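J.: Any chance you can model this:
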Amino acid sequence: MAGTETTEPGADTSVASHASTGSAAGGAGLGGLEAGLDALESSAARRTPFRQTFVHKILPPVLALALVLLVWQSLVSFGVVDDPTKLPSPGAVWGEVRDAWLQGRLLGYIWTSVSRGLLGFLLALAIGTPLGLLVARVRFVRAAIGPILSGLQSLPSVAWVPPAVIWLGLNNSMMYAVILLGAVPSIANGLVSGVDQVPPLFLRAGRTMGATGLKGTWHIVLPAALPGYLAGLKQGWAFSWRSLMAAEIIASSPDLGIGLGALLENGRNASSMSMVFEAVLLILTVGIAIDLLIFSPLERWVLRSRGLLVRS
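T.: Model prediction:
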């Protein structure tokens, strides 16, 4: 009896020790699993090596540009297009750009157009955002204004230049009016599309937590509609830039200065294809630069914040 009594506590101690060992092993296993998950997250969020970035993002556009220049120079060198008044060589176009730079006129051309385009786009943003929210949230307003916005978005921007000149004259106000008429419908429709794609569950959850009215719009609707809104912003900038170029080409005046559109028209009037190509390349370069510097980072941020972009 006494031996039994002495062995039972030992057995209990052994069982307890095995249990504690098992729990410790289980805790160690869970700790290892958590550490592995943390390692996966840190590796996913690790900065991409420069070599990989160079190969996948920098090299392809550089090769594409080199191929375009090679084909362009080949058309001139092999006499496929032997008339320089129709297709100048890349060297001739570069000479025009270099002369404009050396004479101090190149940055003036670019700044005149970019400043107008950005200011007009900001004005369109200030008007198109509340208008899009109003159309998206008020049924009567959507029925009344929605079709008009869609029709205005499909209307070519160049169609607004003649009436804007008649109404406002040859001044900067005319330029901004053309930009607004081209960009506001795109921004508003983009926001309407984004709001329409917000899951109803988000709205019900917001109302449950007291987020109604302007508070619900700011904290629930706008963040959820951000992808569609951003797409509308990109399209709105494209319409702003196109509208501005159309206005500068058609309504050129010394009082308005010389922007990229006016430079293009001056090249046509002077029958200088080198100047025409210079203006076209500058317009294209500015459009690409704005997209790369402003809209692409915004788009990556939105996608990454929603877990849709793991590797950048």
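J.: Ramachandran coordinates for Phe78?
T.: Phi and psi for Phe78, reported as degrees, to the nearest 10, are phi -90, psi 10.
J.: ditto for Val286
T.: The phi/psi pair for Val286 (degrees, to the nearest 10) reads phi -60, psi -40.
J.: quick one: pLDDT of it?
T.: Here, the pLDDT recorded for Val286 equals 93.
J.: my read: it touches Arg116, true?
T.: No - the pair Val286 / Arg116 is not scored as a contact, 11.6 Å apart, by Cβ atoms under 8 Å. Just so you know, the C-beta spots here come from the backbone N, C-alpha and C atoms, and that holds for glycine as well.
J.: Looking at these two, which is more packed in?
T.: Taking neighbours as other Cβ atoms under 10 Å, Val286 and Arg116 compare with Arg116 leading, 23 against 18.
J.: Which helix or which strand is home to that one?
T.: helix 106-137 (DSSP states H and E).
J.: for that helix, which positions count as buried?
T.: Neighbour-count burial for helix 106-137, counted by 16 or more other Cβ atoms under 10 Å, picks out 106, 109-110, 112-114, 116-118, 120-121, 123-125, 128-129, 131-133, 135-136.
J.: Low-confidence stretches in the stretch 151-300 of the chain?
T.: The stretch 151-300 of the chain contains residues with pLDDT under 70 at 211, 213.
J.: what ranges do the helices span in it?
T.: Counting by DSSP state H, counting those that start in this stretch, the stretch 151-300 of the chain has helices at residues 161-168, 172-196, 200-208, 213-216, 222-224, 226-250, 260-269, 273-290, 296-305.
J.: Between helix 172-196 and the first one, find me the angle.
T.: Computed with axes from the mean of the first three to the mean of the last three Cα atoms, to 10 degrees, the direction of helix 161-168 lies at 120 degrees from that of helix 172-196.
J.: who touches helix 161-168?
T.: Contact with helix 161-168 is made by Met174, Ala177, Val178, Leu181, Ala246, Ala247, Ile250, Ala251, as judged by Cβ atoms under 8 Å, 6 or more residues apart in numbering.
J.: at 10 Å what do you get?
T.: 160, 170-171, 173-181, 243, 246-251, 253 (Cβ atoms under 10 Å, 6 or more residues apart in numbering).
J.: Buried ones only from those residues, please, as a ChimeraX command.
T.: Those of these that count as buried under 16+ other Cβ under 10 Å are selected in ChimeraX with:
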select :160,174,175,176,177,178,179,180,181,243,246,247,248,249,251
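J.: Now for Phe50: which residues touch it?
T.: By Cβ under 10 Å, 6+ apart, Phe50 lies in contact with Ile58.
J.: what about 7 Å?
T.: Going by Cβ atoms under 7 Å, 6 or more residues apart in numbering, Phe50 touches no other residue.
J.: Mind pulling up the pLDDT for it?
T.: Predicted confidence (pLDDT) for Phe50: 71.
J.: What separation do you get for it and Pro60?
T.: Computed as Cβ to Cβ, to the nearest Å, the Phe50 to Pro60 distance reads 15 Å.
J.: And Asn171, by the same measure?
T.: Counting by Cβ to Cβ - Asn171 and Pro60 are separated by 43 Å.
J.: Kindly report the same for Leu263.
T.: Separation of Leu263 from Pro60 (Cβ to Cβ): 30 Å.
J.: And the two? Which one has more around it.
T.: With neighbours defined as other Cβ under 10 Å, Leu263 and Pro60 compare such that Leu263 has more, 28 against 10.
J.: which residue packs closest to the more buried one, ignoring adjacent ones?
T.: If the residues on either side of it in the chain are set aside, Leu263 comes closest to Ala279, at 4.3 Å by Cβ to Cβ, 6 or more residues apart in numbering.
J.: Just to check, the one you found is in contact with Gly267?
T.: Yes - taking Cβ atoms under 7 Å as the definition, Ala279 is a contact partner of Gly267 at 5.9 Å.
J.: Please say which of those two ends up with more neighbours.
T.: Higher neighbour count among Ala279 and Gly267: Ala279, with 26 against 19, using other Cβ under 10 Å.
J.: Now do the contacts for the more buried one.
T.: Contacts of Ala279 (Cβ under 7 Å, 6+ apart): Leu260, Leu263, Leu264, Gly267.
J.: what about the nearest residue to the first one once chain neighbours are set aside, distance to Ala225?
T.: When you say that, I think you mean Leu260. The shortest distance from Leu260 to any non-neighbouring residue, by Cβ to Cβ, 6+ apart, is to Ser113 (4.4 Å). With distances taken as Cβ to Cβ, Ser113 is found 31 Å from Ala225.
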